[in-house]
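In: Fold the following for me, if possible:
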Amino acid sequence: MKMIWAVIRPEAVQPVIRALDSAGIKGMTRIHATGHGKERGIPTGEIGLTEIPKEILMITVADNDVAKAVMIIRTEAKSGSNDNSGGGIIGDGKIFVTYVEDTFAIRTAGRSERADNS
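Out: Numbering: from 1, shown residues only. Next comes the predicted model:
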């Protein structure tokens, strides 16, 4: 089981969620965040904005769904052309994939067997 952390632009969240849902990848946590990467903020005259609004989606998936989920996020969250020939702009986001060692359901006090943590 893997956890996908997608840090994306706020305007990309709904298209990403809809596409994941259509592909059968359901269940995620959405976190409102601020920060910056290589773009180092937005220059606005003498004072620059270094805390740019971002959204973080936390998605737990089975190992065999990782590639599909990552491709969907990359395609839907990229600014401009949605092909894989480049394009996009700095600040479109990052995707991190980590191992999930175990999960526990709070409601049932038991170990979760499914990747969607039902």
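
In: Now the longest strand anywhere in the chain: average pLDDT?
Out: Scanning the chain for the longest strand, with DSSP state E as the assignment, gives strand 52-61. Average pLDDT, strand 52-61: 94.

In: One more: stretch 104-118?
Out: 68.

In: What residues sit buried inside the helix of greatest length in the chain?
Out: The longest helix of the chain (DSSP state H) is helix 66-77. Neighbour-count burial for helix 66-77, counted by 16 or more other CB atoms under 10 Å, picks out Val66, Ala69, Val70, Ile72, Ile73, Arg74, Glu76, Ala77. The way it works is simple: take the backbone N, C-alpha and C, and place the C-beta from them, glycine included.

In: Grab the CA positions of that helix and hand them over as CSV.
Out: The C-alpha coordinates for helix 66-77 follow below in CSV (Å, rounded to 0.1, in the frame of the first residue of the first chain):
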residue,chain,number,x,y,z
VAL,A,66,0.1,4.0,-8.0
ALA,A,67,1.1,4.5,-11.6
LYS,A,68,-2.5,5.2,-12.7
ALA,A,69,-3.1,7.7,-9.9
VAL,A,70,0.2,9.5,-10.5
MET,A,71,-0.5,9.8,-14.2
ILE,A,72,-4.0,11.2,-13.5
ILE,A,73,-2.7,13.8,-11.1
ARG,A,74,0.1,14.8,-13.5
THR,A,75,-2.3,15.2,-16.4
GLU,A,76,-5.0,17.0,-14.6
ALA,A,77,-2.8,19.3,-12.4
